[in-house]
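Visitor: fold the following, please.
(chains A and B)
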Number of protein chains: 2
Amino acid sequence: MNSLINRQVRLRSRPSGIPQAEHFEIVEGSVGTPGPGQVLVRNLWLSVEPAMRGWVNAVGNYAEPVAVGAVMRSFACGRVVASNDPAWPVGVAVTGLFGWQDFALVEGAAIQRRIEDDGLPMSSALGVMGINGVTAHYGLLQLGQPRAGETVVVSTAAGAVGSCVGQIARLQGCRTVGIAGGRVKRALCAERFGFDVAVDYKAVDFEEHLARACSGGVDVYYDNTAGAISDAVMAHLNVGARIVICGTASVANWDPPPRGPRVERHLLTKRARMQGFVIFDHPEYASVARVDLAKWLRDGSLRYIEEVLDGIEKAPDAIAGLYRGENLGKRLIRLVPD
Amino acid sequence: MNSLINRQVRLRSRPSGIPQAEHFEIVEGSVGTPGPGQVLVRNLWLSVEPAMRGWVNAVGNYAEPVAVGAVMRSFACGRVVASNDPAWPVGVAVTGLFGWQDFALVEGAAIQRRIEDDGLPMSSALGVMGINGVTAHYGLLQLGQPRAGETVVVSTAAGAVGSCVGQIARLQGCRTVGIAGGRVKRALCAERFGFDVAVDYKAVDFEEHLARACSGGVDVYYDNTAGAISDAVMAHLNVGARIVICGTASVANWDPPPRGPRVERHLLTKRARMQGFVIFDHPEYASVARVDLAKWLRDGSLRYIEEVLDGIEKAPDAIAGLYRGENLGKRLIRLVPD
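Guide: Below you'll find the model as predicted:
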């Protein structure tokens, strides 16, 4: 094992906003040998998330930032190739926070779960069956609490979380309005993800389109963007609306927070609730959500898209690319070609 | 009865912000005679509420605005002086939305409740045992959900709602921080209403005082002001904080809403909840809350202050006076001197 090379994507310097390629460096090192209780995982897929922006920023976040010089924190999945923990024998497929690297030497307790050989692609463990699907399920159903017949609006509706939110809302009998950027993503929302209406926020008449799409008002707004897109949605809240704050993709820098229309009176007069959440607070929820998600995937009522970048050298620019809106679907780094 | 004169305070013109004296006029008319099912109430006390600002504004509110030319909507209490509804015999004390006038001719169904002769002053039905106390009880306990040991911050803490919120929070075992304007109100908060710390938002070092008062963070913020005071409190939110939006007293005009720091990322990283409410949505709650409120009043653990203005001619300027911050405690108009 020790003759193998482990490429690692490390944080080179701390960005103040969205991490760019130059904030990372790829360093080659040797592959370690598992000590007592340790497991060596050969990563096959690395995840790229909008949330990674927060993981490397120093201020205003929910997790200890990745240290400069450390391997970039990341979900990944792969196979155990050496093990000193009988719970995780060689050959099993696993997922966890293994970092942006070829090989991860981890404690057995750090492995999030075993990926069952259940017919779903291994990579889905990082997206629809992983953090994205679980986030969509929790935020929509536990906080948004949609009822059949209500209108649910989702921003970044073609994205890995947003597309899942829209489809779950539809499965609850809701009317769904997706907001996405550009004609391709808008078409994806309508045609592939089954939104009742899809609206392009880059169109010059976005606000008129949104107003028409929300003529009956908005009962649940699942917000992945914040900013001007949210301001436009907020104008259409129904009494008793629930706003779920899942992400803030449209705002590059929150230090200090940008200014926008104050929401206090609007929340008061609409008796509305605005609530932020972080899925890492609810680790016990994932297994609950995955029962539903797997069922919906198998019966064809839940679809997803993956965008695969080949090779670890694509990783450093991959987060910035999400914020440029260039991806379609869940962005993944594939380390070993099929 | 018909020889009596009924003075009515009517809305003369519609204000765009805070209603001033010139937006009202006092008109004298005759007193009506109850038709079938009707009741004539001699008002003895009229209420003055910050919420009345919203009741006369045309936009962005939760209730049909008072029509220009109509009697100003208001809670009041008094005695039945003529009745065609056996449920409300002559002589009983009642409260309801009887309007700013000497006599109210109402349907029996429009009477909110009978005021029991239970040793509490009749006027308390408009304040601590009425909309203010019930609003404080509902907003704090149902939405703020404070737990013993948590820190609860209240704005307009010397006011009719805020003082009640602080005392109820203390009864739940919370640490309480009151924000009020000026030295007199600040002293009232600390000495009469038992806040653990009281902070004067008009002091030049308000933000430093608040930071010291909230060094352990804020778990519940009961917001009656919005605006800059809220911005200062928001900076100290703990993870899992609950912000209850009850009023927006510090902002004169919401059309269009003023701009302030965006809250989305802060709500996300703090997993915080911000929720507006209107007590009129929960009519069934009043009788629940009043059981607690009466008990606390009788055992001395809940105190309140009334500020009495004598004569209906004080009514037109009374709302503007609240927003000038000139009142101490629940503002009432007394129509018949003791």
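Visitor: relative to A:Gly247, how far out is the residue of the stretch 101-250 of chain A found nearest chain B?
Guide: Of all residues in the stretch 101-250 of chain A, the one sitting closest to chain B is A:Ala226 (3.7 Å; C-beta to the nearest C-beta). (C-beta placed from N, C-alpha, C; glycine too.) Shown here: A:Ala226 relative to A:Gly247, a distance of 8 Å by C-beta to C-beta, to the nearest Å.
Visitor: try A:Phe277
Guide: Per C-beta to C-beta, A:Phe277 is found 11 Å from A:Gly247.
Visitor: neighbour count: these two, which is higher?
Guide: A count of neighbours by other C-beta atoms under 10 Å in any protein chain shown puts A:Gly247 above the other of A:Phe277 and A:Gly247, at 27 against 21.
Visitor: and the more buried one, what does it touch?
Guide: A:Gly247 makes contact with A:50-51, A:156, A:161, A:223-226, B:268, according to C-beta atoms under 8 Å, 6 or more residues apart in numbering or on different chains.
Visitor: swap the cut-off to 7 Å and go again
Guide: For A:Gly247, the contact set (C-beta atoms under 7 Å, 6 or more residues apart in numbering or on different chains) comprises A:50, A:224-225.
Visitor: ok, residues contacting the top helix by length along chain A?
Guide: Assignment by DSSP state H gives helix A:285-298 as the longest helix of chain A. Residues from elsewhere that reach helix A:285-298 (C-beta under 7 Å, 6+ apart): A:120, A:128-129, A:133-134, A:137-138, A:171, A:302.
Visitor: repeat the analysis, applying 10 Å as the threshold.
Guide: Contacts made with helix A:285-298 from outside it, assessed by C-beta atoms under 10 Å, 6 or more residues apart in numbering or on different chains, are listed as A:112-113, A:116, A:118-120, A:124-125, A:128-138, A:141-142, A:164, A:167-168, A:171, A:279, A:282, A:301-304.
Visitor: what stretches of the stretch 51-200 of chain A score poorly on pLDDT?
Guide: A:60 (pLDDT under 70).
Visitor: next to chain B, which bits of it? Give me the list.
Guide: The stretch 51-200 of chain A has residues A:51, A:54, A:59-63, A:143 near chain B, with proximity defined as C-beta under 10 Å from any C-beta of the partner chain.
Visitor: out of those residues, who's the most crowded?
Guide: A:Ala51 (23 neighbours).
Visitor: I'd say it and A:Val66 touch.
Guide: No - taking contacts as C-beta atoms under 10 Å, A:Ala51 lies outside contact range of A:Val66: 11.9 Å.
Visitor: residues shared between the contacts of those two?
Guide: Joint contacts of A:Ala51 and A:Val66 (C-beta under 10 Å, 6+ apart) are A:Arg73.
Visitor: what does the closest residue to A:Pro316 other than its chain neighbours show for phi and psi?
Guide: Leaving aside its sequence neighbours, A:Pro316 sits nearest to A:Phe24 (C-beta to C-beta, 6 or more residues apart in numbering or on different chains; 3.8 Å). When quoted as degrees, to the nearest 10, the phi and psi of A:Phe24 stand at phi -120, psi 160.
Visitor: A:Phe24 pairs with what?
Guide: Going by DSSP bridges, A:Phe24 is paired in beta bridges with A:Leu11.
Visitor: give the contact list for the closest residue to chain B within the stretch 1-150 of chain A.
Guide: Across the stretch 1-150 of chain A, the shortest distance to chain B (C-beta to the nearest C-beta) belongs to A:Tyr62, at 4.7 Å. Shown in contact with A:Tyr62 (C-beta under 10 Å, 6+ apart): A:51, A:54-55, A:276-278, A:280-281, B:239, B:268-271.
Visitor: mind running it again at 6 Å?
Guide: Applying C-beta atoms under 6 Å, 6 or more residues apart in numbering or on different chains to A:Tyr62 gives the contacts A:278, B:269.
Visitor: so is the spatially most central residue of chain A in a helix, a strand, or just coil?
Guide: Closest to where the C-alpha atoms of chain A average out (C-alpha atoms, centre = their mean) is A:Asn132, at 4.3 Å. Under DSSP: H, G, I helix; E, B strand; the rest coil, A:Asn132 falls in the helix class.
Visitor: quick one: A:Cys214 and A:Met234 touch, right?
Guide: No - at 10.6 Å, A:Cys214 does not count as touching A:Met234 under the criterion of C-beta atoms under 6 Å.
Visitor: residues of the helix or strand A:Ile168 falls within that come out buried?
Guide: Secondary structure from DSSP states H and E places A:Ile168 in helix A:160-171. Of the residues in helix A:160-171, those buried by neighbour count under the rule 16 or more other C-beta atoms under 10 Å in any protein chain shown are A:160-170.
Visitor: please give the centre-to-centre distance between that helix and its chain.
Guide: Distance, stretch centre to chain centre, for helix A:160-171: 12 Å (C-alpha atoms, centre = their mean, to the nearest Å).
Visitor: one more: stretch A:148-161?
Guide: For stretch A:148-161, the distance to the chain centre is 14 Å (C-alpha atoms, centre = their mean).
Visitor: tell me which residues in that stretch are buried?
Guide: Quick answer for stretch A:148-161 (16+ other C-beta under 10 Å): A:150-161.
Visitor: related to what we said a few turns ago, unless I'm mixing things up, the residue of the stretch 101-250 of chain A closest to chain B is touching A:Ala249, no?
Guide: No - using C-beta under 6 Å, A:Ala226 makes no contact with A:Ala249, being 7.6 Å away.
Visitor: ok, the two, which is more surrounded?
Guide: Counted by other C-beta under 10 Å, A:Ala226 and A:Ala249 do not tie: A:Ala226 has more neighbours, with 26 against 23.
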